[in-house]
Structure formats: structure tokens, C-alpha cells
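Novice: With the sequence up front, the predicted model follows.
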Amino acid sequence: MDVKTVCLGMLTDGPASGYDLKKNFESTFGHFFAAGYGSIYPALSSLSKQGFVSCEQIAQEGKPDRKVYQITEEGRQFLLKALENTSPCHKIRSEFLATMCFAHLMQGEAIEAVLDYRLEEIAKYREMFRQLEAESMSDWEEGEKFVLGFGKAIATAMEKYITENRHLLTEEPVAKTAAV
């Protein structure tokens with residue numbers, strides 16, 4: 001599923017600006033689907049050209065007009081067709097894991113710092129999950145609750161794995177130096 005299709009899905013909850021969608025990508029979708037303004041706004045532009053969203057420009061004092069997007073019936077049909085895919089890809093793109101593949105080239109302190117940082121990030125996600133549950137989960141759809149639970153399970157498993165296995169990366173032998 002691409003950014004355009006996810007934006008359409010988000011717009012089924014109601015009209016939203018690119019800024020609103022970005023906030024949604026950072027919160028609800030933050031632990032599994034990253035998208036920034038550089039992909040959200042082109043996606044919205046493309047969706048608008050395709051007739052899948054309509055755009056209303058709302059004047060703001062002292063600021064550029066606010067563009068609010070709404071899914072059209074054509075967009076809803078496109079989204080529903082996309083959701084019929086019974087084999088969606090589950091990709092993981094992790095700079096953390098890529099870095100750990102080269103841990104043998106790193107000094108012990110650097111490895112420790114990366115592992116500690118990752119644990120701090122996991123703690124932030126766990127706090128975000130806790131806040132989402134406390135603040136708004138009662139009006140969530142079942143699929144959204146499932147995804148939150150999945151994120152919590154992954155965070156728990158990552159934390160446990162790093163804690164129990166960091167010794168594999170931090171104990172001797174000392175880091176090898178890269179050949180020049």
C-alpha cells in the first residue's frame with residue numbers, strides 16, 4: 001500500500017489538511033508507516049488530479065490558504081478495491097538493523113549508544129501507545145485497535161530481544177577495523 005492509498009484511508013474519517021494527515025502519520029501510523037510532507041503533498045496532488053479527493057481552500061489571515069481534502073466517491077471505490085489485496089507486503093526498513101549488521105566495524109561504546117538509543121525510542125513508542133489507549137481508543141475501529149496491539153507486541157519483543165541479546169554485540173571480540 002502506498003502513501004496515496006493510506007491518505008485515502010485516513011480521509012474516510014473526514015476532511016483533513018496535509019498537516020492533519022502528517023500528524024496522523026506521526027501518531028496512529030507512526031510505528032509502522034512513515035510519510036513526510038515530501039510524500040504526503042504530492043500524493044494529495046495526484047489524488048486530486050485523479051478525482052479521488054476534492055480540495056477546498058480556506059482563507060487564513062496572514063497565512064497561505066489552508067487546503068482541506070475530502071475523499072470522493074471515486075476515491076472511496078479506489079480505496080475499497082485496493083483493500084481487496086489479500087497479500088499486502090509487510091516490509092521492515094530499519095536503519096537500526098542495518099547499523100547492527102555492521103556492528104563488527106564499530107567500537108563497543110558506539111554499539112552501546114545505538115542500543116541504548118533504540119531502547120529509548122521503544123520507550124517513547126510504548127508511551128505513545130499508552131496515551132492513545134487512554135485518550136481516544138474507545139472510538140477506534142477494530143482494525144485500528146488491532147494495529148495498536150500489534151505495535152505494542154512488536155515493541156515488547158524488540159525491547160526484550162535487545163535486552164537479552166545485547167551481549168552478542170557488546171562483549172569481546174573487539175570491533176574489527178574496516179579495510180581501506
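Specialist: Structure received.
Novice: May I ask you to confirm that E74 belongs to a helix?
Specialist: Yes - assessed by DSSP: H, G, I helix; E, B strand; the rest coil, E74 belongs to a helix.
Novice: So what's the residue count around it?
Specialist: 13 (other Cβ atoms under 10 Å). C-beta coordinates here come from the backbone N, C-alpha and C atoms, glycine included.
Novice: my guess is it contacts F52, does it?
Specialist: Yes - assessed by Cβ atoms under 8 Å, E74 is found in contact with F52 at 5.7 Å.
Novice: going on from the helix or strand hosting Y161, what's the next piece of helix or strand?
Specialist: Taking DSSP states H and E as the criterion, Y161 maps to helix 142-165. Per DSSP H and E, the first helix or strand lying C-terminal to helix 142-165 is helix 167-170.
Novice: what inclination does the longest helix seen in the chain have with respect to helix 142-165?
Specialist: In the chain, with assignment by DSSP state H, the single longest helix is helix 108-135. Relative orientation of helix 108-135 versus helix 142-165 (axes from the mean of the first three to the mean of the last three Cα atoms, to 10 degrees): 150 degrees.
Novice: and helix 108-135, which residues are buried?
Specialist: Of the residues in helix 108-135, 111, 114-115, 118, 122, 125-126, 128-129, 132 count as buried by neighbour count, 16 or more other Cβ atoms under 10 Å.
Novice: ok, those vs Y69, which is closest?
Specialist: Nearest to Y69 among the buried residues of helix 108-135 is L132, at 23.6 Å by Cβ to Cβ.
Novice: Distance of the closest one relative to K23?
Specialist: 13 Å (Cβ to Cβ, to the nearest Å).
Novice: Then N85?
Specialist: Using Cβ to Cβ, N85 is found at 26 Å from K23.
Novice: Have a look at these two and say which one is more surrounded.
Specialist: K23 (14 against 10).
Novice: pLDDT on the helix holding Y161, on average?
Specialist: Average pLDDT, helix 142-165: 94.
Novice: what comes into contact with that helix?
Specialist: 28, 31-32, 115, 118-119, 122, 125-126, 129, 132-133, 137, 140 (Cβ atoms under 8 Å, 6 or more residues apart in numbering).
Novice: what's the answer for stretch 5-12, then?
Specialist: Contacts for stretch 5-12 (Cβ under 8 Å, 6+ apart): 16, 21, 24-25, 29, 33, 35, 40, 43-44, 47, 52-53, 69-71, 75-76, 78-79, 82.
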